[in-house]
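Participant: Structure for this input, please:
(2 chains, ligands or ions: 2)
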Protein chains: 2
Amino acid sequence: MSSLQTFAGKQDFIFRQLLEYKSFTYTYLLADIDSGEAVLIDPVIETVDRDVKLINDMGLKLLYGVNTHVHADHITGTGKLKEKIPTCKSVISKVGKAKADIHLNHGDKIKFGKHELEARSTPGHTNGCMTYVWHEKGLAFTGDAVLIRGCGRTDFQEGDSSTLFDSVHKQIFSLPQDYKLYPAHDYTGQTSTTVAEETKFNPRLSKPKEEFVQIMKNLNLPYPKQIDKALPANLLCGIQPE
Amino acid sequence: MSSLQTFAGKQDFIFRQLLEYKSFTYTYLLADIDSGEAVLIDPVIETVDRDVKLINDMGLKLLYGVNTHVHADHITGTGKLKEKIPTCKSVISKVGKAKADIHLNHGDKIKFGKHELEARSTPGHTNGCMTYVWHEKGLAFTGDAVLIRGCGRTDFQEGDSSTLFDSVHKQIFSLPQDYKLYPAHDYTGQTSTTVAEETKFNPRLSKPKEEFVQIMKNLNLPYPKQIDKALPANLLCGIQPE
Ligand SMILES: [Fe+2]
Ligand SMILES: [Fe+2]
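Facilitator: Ligands and ions are numbered 1, 2, ... in the order given. The predicted structure is shown next:
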């Protein structure tokens, strides 16, 4: 048994969910056990050292640091990741206008080893939000579009609740019912969900569109704490200008 | 496709890792997709309502609330769980002398649907620590015996580093290299590991026994914050005496 196979457990791919406790962000490490090629989704600047240590311990070749969107609540780790692993390329949607090595359009693929993720444009929380679907494994990384029993805010940063509703229903809830969904955040201590559960139990997104728009209008959330620092930094790939 | 199958994703069992942010505790929900019979490992009193909602949403029949050991850092949720779901039985090792409906010895099995967990006695952090092994799926729930790149403390509550070392090497590191390990806590934001990784990379438990004992002796950790409240409560199954 190769060591990469042992790190994968009984599965034929490495999958690790990692979390950052300050912003409640989930980072995902995916890797192919034959080539060792890997992808890191939504790294956070504070936890890049932890992630790089894990990647190096396992002997993985990190190809891409991928953002689901321009985050308002934390500084992306992709800039620091590229300093630590110079062969790694940063990836984000073209629409978000953030600096990155690779800009994705709806339908583009991210390949690592024999695997690929499909980028689906799911605007509404921000214009550039992408959901990454791993069809072969029946998983999707939904960023802030679908959270577990919740969804991303639509009251700042180009947010639009009507657009978000359409994105979720056309691009995510239309996936097979048993697809697992992995969000960018969770504030209740849950780590994953499925299309089946969110279509049934999501207290916002399971409602008709008009009701959803009303719910989102009435949330009255406070302005996010880190947004003024995080947004400009993330547009520059997380590298703070001197 | 049955709704329980959709909640399981592409797997043939339901598995959810849940976390409690105050004590950094992981709770695990396991369920059989044919019968709906379920087990909850290491529930925390503060998050029982969340867990019961998830169990009820999915329509599961919770048979057991299982503790890996008498916790010092949080109050177990098994008492409250039994109030909310009266058919649920609390389970813990016989050695720990805590109140529970079912007391396990080394080698005993916990059955739910067509599945079973093997209880392995892994003392050292406490005398009554149990590791629960799900051989069919290649998983083990290690409590505080093995943490990700760490281990439970051995400086209070009957702790003994030499005993812990022997437990881990005989009962956990002897499992197949590709078994996934799920601990009771993680303070670094990691969610799982494997036997392969901990035998190679655990900075304490990968060392020879004498060195491990020295490392544990020199940790000099502060006395745990919640221990004076949590320990007596947990010995009574988490139900506070009036
Ligand atoms: Fe966001
Ligand atoms: Fe403990």
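
Participant: Now do the contacts for the nearest residue to A:W134 once chain neighbours are set aside.
Facilitator: With C-beta to C-beta, 6 or more residues apart in numbering or on different chains as the measure, A:L117 is the residue that lies nearest to A:W134, at 5.4 Å, once sequence neighbours are left out. To be clear about C-beta, it is placed using only N, CA and C from the backbone, and glycine gets the same treatment. With contacts defined as C-beta atoms under 8 Å, 6 or more residues apart in numbering or on different chains, the neighbours of A:L117 are A:30, A:39, A:66, A:109-110, A:132-134, A:141.

Participant: Could you do A:L81 as well?
Facilitator: For A:L81, the contact set (C-beta under 8 Å, 6+ apart) comprises A:40, A:43, A:48, A:51-52, A:62, A:65, A:88, A:90.

Participant: got it, and A:G36?
Facilitator: A:G36 sits in contact with A:4, A:58-61, A:113, where contact means C-beta under 8 Å, 6+ apart.

Participant: Quick check: of the residues you listed, which lies closest to A:L219?
Facilitator: Distances from the contacts of A:G36 to A:L219 were compared by C-beta to C-beta; the smallest belongs to A:L60, at 39.6 Å.

Participant: CA atoms only for stretch A:168-186, dumped as CSV, please.
Facilitator: The C-alpha coordinates for stretch A:168-186 follow below in CSV (Å, rounded to 0.1, in the frame of the first residue of the first chain):
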residue,chain,number,x,y,z
VAL,A,168,-28.6,28.0,-5.8
HIS,A,169,-31.7,26.5,-7.4
LYS,A,170,-30.2,26.3,-11.0
GLN,A,171,-26.7,25.3,-10.2
ILE,A,172,-26.7,23.5,-6.8
PHE,A,173,-30.1,22.2,-5.9
SER,A,174,-30.3,20.8,-9.4
LEU,A,175,-27.4,18.4,-8.6
PRO,A,176,-28.4,14.8,-7.6
GLN,A,177,-30.0,14.7,-4.1
ASP,A,178,-27.2,12.6,-2.6
TYR,A,179,-24.4,15.1,-3.5
LYS,A,180,-22.6,16.2,-0.4
LEU,A,181,-22.2,19.9,0.1
TYR,A,182,-19.2,21.5,1.8
PRO,A,183,-19.6,25.2,2.6
ALA,A,184,-17.0,27.9,3.2
HIS,A,185,-18.3,28.5,6.7
ASP,A,186,-20.4,27.1,9.5
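
Participant: Tell me which residues are up against stretch A:96-105.
Facilitator: When contacts are taken as C-beta under 8 Å, 6+ apart, the neighbours of stretch A:96-105 outside the stretch itself are A:64, A:67, A:69-70, A:78, A:82, A:89-94, A:110, A:119, A:121, A:126-128, A:130, A:234-237.

Participant: Just the buried residues from these, in PyMOL please.
Facilitator: Typed into PyMOL, the next command selects the buried ones out of these (criterion: 16 or more other C-beta atoms under 10 Å in any protein chain shown):
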select buried, chain A and resi 64+67+69+70+78+82+89+90+91+92+93+94+110+119+121+126+127+128+130+234+235+237
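
Participant: from the contacts of A:L81, which is closest to chain B?
Facilitator: Closest approach to chain B among these (C-beta to the nearest C-beta): A:D51, at 9.4 Å.

Participant: all strands for chain A, in order.
Facilitator: Taking DSSP state E as the test, the strands found in chain A are A:13-20, A:25-32, A:37-41, A:61-66, A:89-93, A:102-104, A:109-112, A:115-121, A:130-134, A:139-143, A:146-147, A:150-151, A:180-183, A:193-194.

Participant: Let me have those strands in TSV, adding mean pLDDT as columns.
Facilitator: Putting those into TSV (pLDDT from 0 to 100) gives the following:
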stretch	mean pLDDT
strand A:13-20	97
strand A:25-32	98
strand A:37-41	98
strand A:61-66	98
strand A:89-93	97
strand A:102-104	97
strand A:109-112	98
strand A:115-121	98
strand A:130-134	98
strand A:139-143	98
strand A:146-147	97
strand A:150-151	96
strand A:180-183	98
strand A:193-194	98
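
Participant: Select, out of the ones you listed, the one closest to A:P224.
Facilitator: Taking C-beta to C-beta as the criterion, A:P224 comes closest to strand A:25-32 out of those, the separation being 12.7 Å.

Participant: Tell me the helices and strands packed up against that closest one.
Facilitator: Using 3 or more C-beta pairs under 8 Å, 6 or more residues apart in numbering or on different chains; DSSP states H and E, the elements in contact with strand A:25-32 are strand A:13-20, strand A:37-41, helix A:48-58, strand A:109-112, strand A:115-121, strand A:180-183.

Participant: so can I have CSV of these showing distance to A:I102?
Facilitator: Converted to CSV, the helices and strands packed on strand A:25-32 look like this (distance: least, C-beta to C-beta, whole Å):
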stretch, distance to A:I102
strand A:13-20, 22
strand A:37-41, 12
helix A:48-58, 19
strand A:109-112, 9
strand A:115-121, 10
strand A:180-183, 21
